[in-house]
Structure formats: C-alpha cells, structure tokens
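> coords please:
(one chain, ligands or ions: 1)
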Amino acid sequence: MNSSLQAQGLIIGGRRQPAHSGALFDVLAPEDERVLAQVARADAVDVDLAVSAARNGFLQWSALAPREREAALLRAADLVAAEGETRFLDNLIDESGSVITKARNEIAYTVDLLRTAAGEARRLYGDTFPNDNPGRLSMVFREPLGVVAIISPYNAPLSLLVKMTAFPLAAGNAVVIKPSEETPLSALAFADLLVEAGIPGDAVNVVTGFGAECGAPLAAHADIDCIALTGSTATGINIGMQAMQRMRRCQLELGGKSALLVLRDADPVKAARIAAQGIFTHAGQICMANSRIVVERPLFEAFTAALKAEAEAIHLGDLRDERSQYGPLINRRAVDKVMAHIEQALAAGAQLLTGGVIHHGLTIAPTVLLEPDRGGGVWREESFGPLACLVAVDSLEEAIAAANDSDYGLSAAVLTNNIQWGFKAAREIRSGSVHIGMHAFQSNALAPIGGYKLSGVGRSGGKYSTEEFTELKWVSVALADPAG
Ligand code: NAD
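As a prediction, the model looks like this:
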C-alpha cells in the first residue's frame, strides 16, 4: 500500500468502513496511470452487510411522505449546484480521464437529474378500473420494489450513476451501489452527498470492488428485489440470466453500435461537424456514440473530406485545458482493443481516412476507417474508442438497412432537411432512440433511454424509471354482499 494515499472505505448504513478483509485496490488515473487512491475491495461478506442495511433503509425511506423524499432529493440537487465543482470535478477528470468540459456537463446534468427525480417522488400514480360486479371496487397501487442493486460503468461515473440511483430512490426504494472498479471515487462522493442531503444512511450503500468478486454476489443476492446494470452486453447477459433464475426485475442498459445517416441533401460541412461530435466526445467512450456513419453516395466525397478536416482539428491536450476535446481511454486493455479493431479492419481491406495511431499515453488519435468489411469486426462490435467507420450507400432504403444491420439498437441519427426522409428513417430504424438533425448521443432526464436488441431491456428516465422501479398491485374491495 502506498502510505501517502488515504484509503477510502465502503459506505454501509451511511458510514465509511473498510472491507471486512481489510483488502484494498488501486484506482489509477488514465491520464498518466498514476495511483490516485486506494479503495476498499469488497466481496460477498461486505455485500451481505450492505444488503441487510438496505433492507432496513427501505423500511425507513419508503415510510416517508412523498414530499419528504422529494425534499431530500432537491437538497441533494442544491448541494450539487452549489458545490459540484469542489466535490466532483477533480475526481471526474482524474479517475475517468474526462476533459474539463465533459466533467462540467456531467455535474450540470446531475442537478437536472436530481430535480427531475425529486418530482417523480410525487408521481407514483395508481389507477382504478371498472368492475362488472357493482358491489366491488378495483384499484391499482404502485409500490416501490424494495432494494435495488445498482451496477454502474466507468464512462460517465457521476451522471449515469445519478440517473440509475435518483429515480429508484424517488420511488421509495433503497439502493446498494456497485460502481465500476475503474471509477469508484465519484460514486463514493455522491453517496456521501445523498446522506448529507437527508436520505437515511441505511438506504444508500456503496460496495466498491470488482465484477466477479463484488458485482456477482450482489446481483445474485437473495434479498435484493431488482438489478439495474449499465454496462457491456456480455455483463448484461450474465446478470440477466441470474436475475431470471430468481425472478428478479432487471433493467439493463448495454452496449451500442449506433448509426448516423447522412442523406444526400445534407450540408456536408455541418454534417461532418455533427458526426465528429457524435463519435469523438469522451474519446468515443459513449454507449450512443455514432461509430457507424452511413453516407449517401452523392455526398460521400465532400462529407469524407470535411470529416477528415474535423478529425484532424481536434485538440488533444491537458485535461484541464478548456480547448481539449477528449482525453485518454480508461485503461490499456481498452486501448489494445481499439488498436486491434483498427488493425483487423485494415487487414480486411478497409482504408484509413485519418488517425489509426496512439497520440500519447492512452490517448488514441481520432480515427476514421472507410468501407470496412461489414461481416464482422469494427462494423459489428463495439470498439468504445475514438473510431468511426464510414460506408457509402445508394438510397435512403439502403441507408436504413445499413443502420439496422447490427445486433445492437441503442440510438441512431439522421441528417437531412427532408422531413419525410427523416421520419421514414426514424420509424424504420430499430433502436431505442432516433434523432433527426442531430448526432446519436443525446440525453434528457425525461427521455426513455434504453435499447432494442442486444442494447438492453427496459428504459430509464423520468416516468419511465418510475415504472421500472415500482411494482403494481391490484386491490379490490367488496362494498356490498360479495357474490362469491
Ligand atoms: P462492464 O460490463 O465491464 O462493467 C459494468 C459494471 O458491471 C462494472 O461495475 C463491473 O464491475 C460490473 N461487472 C462486471 N462483471 C460483472 C459480473 N459478472 N457480475 C456483476 N457485475 C459485473 O462495462 P464497462 O466497461 O464498465 O462500461 C462500458 C460498457 O457500458 C459499454 O459496453 C457501453 O456501451 C455500456 N454503456 C451503456 C450505456 C447505456 O445507457 N446503454 C451507458 C453507458 C455505458
């Protein structure tokens, strides 16, 4: 252990504590791979403690009036609005390799998410329905599920975790959070803030550790009622299968290979600017990044030249320099995966438009490949790096077919000025969202975010999260003599 670093504990029942084994793991900064912190390495024993605290927290938190849950989440939003930079900015930059502009966006979005979730605390609407027996009334109540296990990824360690946590809490659930082992510091700071804002400590628990050692026992725990995972499709399949064995609810937001269609009437220069933002933001480590760009042939040459210019103008500097547009990938494994995708695609006949090299450290230069083999590799698999592949097509129908030529279906986008073409694409592309006149990476606290196909199961955001994290119960009452 590096004695100059203070170790960070788990949060169980609102209190920081070491793992029962005393074990720690290092959190590295992607920027220079230095050790940033050491964090408690939880296993099944710690998970058990966290889940039993959460069971107790559920009783306390769900008993509060909606206005009290709303007030606590609003206090959390106010704290982030007032102190977000001090509490979160350095962690976001250091542990996830975010540039300062992306870190600030996450903090601002966190405020929005907390305020939106706070409002949902009052919207656990039920229902009534007509009963053929005139002596009976039928009602439908909406109730919290209980304890929600939240397993989060590294790419937006604050805002994604906030989204996954705030809505279940608003509905009256308690949570056990298992953040990515790459980025536990933002999660610990956020959980501290929730407790400070007045959410009972037992309702907010964090177990830090690795997938197999800590995430798996949490997902399999007999006393949780729901698993929410944002992560890769491989992890999602694993967790989904376990959830079904115990008939637990699960909400899975998984990988993507989103397509951006650039139709023949688009302005090639503007389209290239939008396309570059949609793939290179946060070095392409965005589930909705438009990593497949499909261009109608009449525009191919002009668009390709403009995209090359956009990619080559991207500033890759100090993460705290506001001009820097993206930073390093999360770790060496991620870099190796992207570089292997590039090599395989070139070996299989793709052309390199630009990039294809490591810029410095774990930072890969913006890379665009032309006409990769569509049978596999970079066209079909998620690279999760600053790597786009670009293909030409001869019609709108062919462009839509290319967008649908994927096992994923998270997001898509279409650039056109023709409303009929835009809507035709929006209705025919099989993905959780389609954006016209924008790139594919869009977020909104009220939107139903989620995917078709291997991109996941369920939706999150606004009332859609409330639906995911509540159970419906039919209650009927006999007012007259029951007929039987
Ligand atoms: P990952 O699947 O490797 O890890 C996600 C989380 O799952 C981590 O906390 C990890 O420790 C945990 N985990 C891993 N194995 C586990 C197991 N067997 N049991 C329980 N937990 C386990 O994903 P990642 O690399 O951290 O994140 C990148 C992935 O997340 C990409 O595929 C990206 O597309 C996806 N993602 C999706 C969305 C979305 O909204 N659909 C948003 C962000 C990221």
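> Name the secondary structure element that contains the residue nearest to the spatial centre of the chain.
For the chain, the residue nearest the mean C-alpha position is L160 (4.7 Å; CA atoms, centre = their mean). Secondary structure assignment for L160, by DSSP states H and E: helix 159-170.
> ok, the residue nearest to the centre of the chain touching L229?
No: L160 is beyond contact range of L229, at 11.0 Å (criterion: CB atoms under 8 Å). In short, each C-beta sits where N, CA and C put it, glycine included.
> The nearest residue to S186 once chain neighbours are set aside: what secondary structure?
Leaving aside its sequence neighbours, S186 sits nearest to P157 (CB to CB, 6 or more residues apart in numbering; 4.1 Å). The three-state assignment at P157 reads coil, by DSSP: H, G, I helix; E, B strand; the rest coil.
> show me the residues around H360 that make contact.
L316 (CB atoms under 8 Å, 6 or more residues apart in numbering).
> Torsion angles phi and psi at it?
phi -170, psi 150 (degrees, to the nearest 10).
> do you know how far it is from D318?
From H360 across to D318, the span is 11 Å (CB to CB, to the nearest Å).
> for A447, same thing?
33 Å.
> and if you look at S52?
In terms of CB to CB, S52 sits 45 Å off from D318.
> who has more neighbours, these two?
S52 (18 against 14; other CB atoms under 10 Å).
> I'd guessed that one sits against D223; true?
Yes: in this structure S52 lies within contact range of D223 using CB under 8 Å: 7.1 Å.
> Which helix runs longest in this structure?
Longest helix in the chain, counting residues (DSSP state H): helix 100-120.
> what does the average pLDDT come to for that one?
For helix 100-120, mean pLDDT is 98.
> Which neighbouring elements make contact with that helix?
Judged by 3 or more CB pairs under 8 Å, 6 or more residues apart in numbering; DSSP states H and E, helix 100-120 is in contact with helix 66-84, helix 90-96, helix 159-170, helix 462-468.
> what's the neighbour count on E371?
E371: 15 neighbours (other CB under 10 Å).
> and it, what is it in contact with?
So E371 contacts 349-351, 390-392 (CB under 8 Å, 6+ apart).
> Write out the residues of the stretch 51-200 of the chain neighbouring the ligand.
Counting by CB under 6 Å from any ligand atom, the stretch 51-200 of the chain comes close to the ligand at 151-155, 160, 178, 180-181.
> Using PDB, write out the CA atom coordinates for the helix or strand harbouring A334.
Using DSSP H and E, A334 sits within helix 332-347. In PDB, the C-alpha atoms belonging to helix 332-347 read as follows (Å, rounded to 0.1, in the frame of the first residue of the first chain):
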ATOM      1  CA  ARG A 332      -4.500  -0.100 -21.500                       C
ATOM      2  CA  ARG A 333      -6.900  -3.000 -22.300                       C
ATOM      3  CA  ALA A 334      -9.300  -0.500 -23.800                       C
ATOM      4  CA  VAL A 335      -6.500   0.900 -26.000                       C
ATOM      5  CA  ASP A 336      -5.400  -2.500 -27.100                       C
ATOM      6  CA  LYS A 337      -8.900  -3.400 -28.100                       C
ATOM      7  CA  VAL A 338      -9.400  -0.300 -30.300                       C
ATOM      8  CA  MET A 339      -6.000  -0.700 -31.900                       C
ATOM      9  CA  ALA A 340      -6.700  -4.300 -32.600                       C
ATOM     10  CA  HIS A 341     -10.000  -3.300 -34.200                       C
ATOM     11  CA  ILE A 342      -8.200  -0.800 -36.400                       C
ATOM     12  CA  GLU A 343      -5.500  -3.400 -37.500                       C
ATOM     13  CA  GLN A 344      -8.100  -6.100 -38.200                       C
ATOM     14  CA  ALA A 345     -10.200  -3.700 -40.300                       C
ATOM     15  CA  LEU A 346      -7.200  -2.500 -42.300                       C
ATOM     16  CA  ALA A 347      -6.100  -6.100 -42.900                       C
END
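> That one and the ligand, are they touching?
No: with CB under 6 Å from any ligand atom as the measure, helix 332-347 is seen stopping short of the ligand, the closest distance being 7.9 Å.
> So what touches that helix?
With CB under 8 Å, 6+ apart, helix 332-347 has contacts from 285, 328-329, 352, 356, 358, 362, 364, 367, 369, 372-373, 377-378, 381, 383-387, 389.
> Kindly report the same for stretch 419-428.
261, 263, 265, 396, 399-400, 403-404, 412, 414, 416, 434, 436-437.
> Equivalent analysis for stretch 163-170, please.
Outside stretch 163-170, the residues touching it (CB under 8 Å, 6+ apart) are 61, 69-70, 73, 76, 113-114, 116-121, 144-145, 148, 150, 152, 175, 177, 190, 194, 199, 203-204, 226, 228, 230, 445, 449, 460-462, 465-466, 468-469.
> Just the buried residues out of these, in PyMOL syntax.
Here is the PyMOL command that picks out the buried ones among these, judged by 16 or more other CB atoms under 10 Å:
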select buried, resi 61+69+70+73+76+113+114+116+117+118+119+120+121+144+145+148+150+152+175+177+190+194+199+203+204+226+228+230+445+449+460+461+462+465+466+468+469
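> The stretch 251-400 of the chain against the ligand: which residues are in contact?
Counting by CB under 6 Å from any ligand atom, the residues of the stretch 251-400 of the chain that sit close to the ligand are 253-256, 287, 382, 384.
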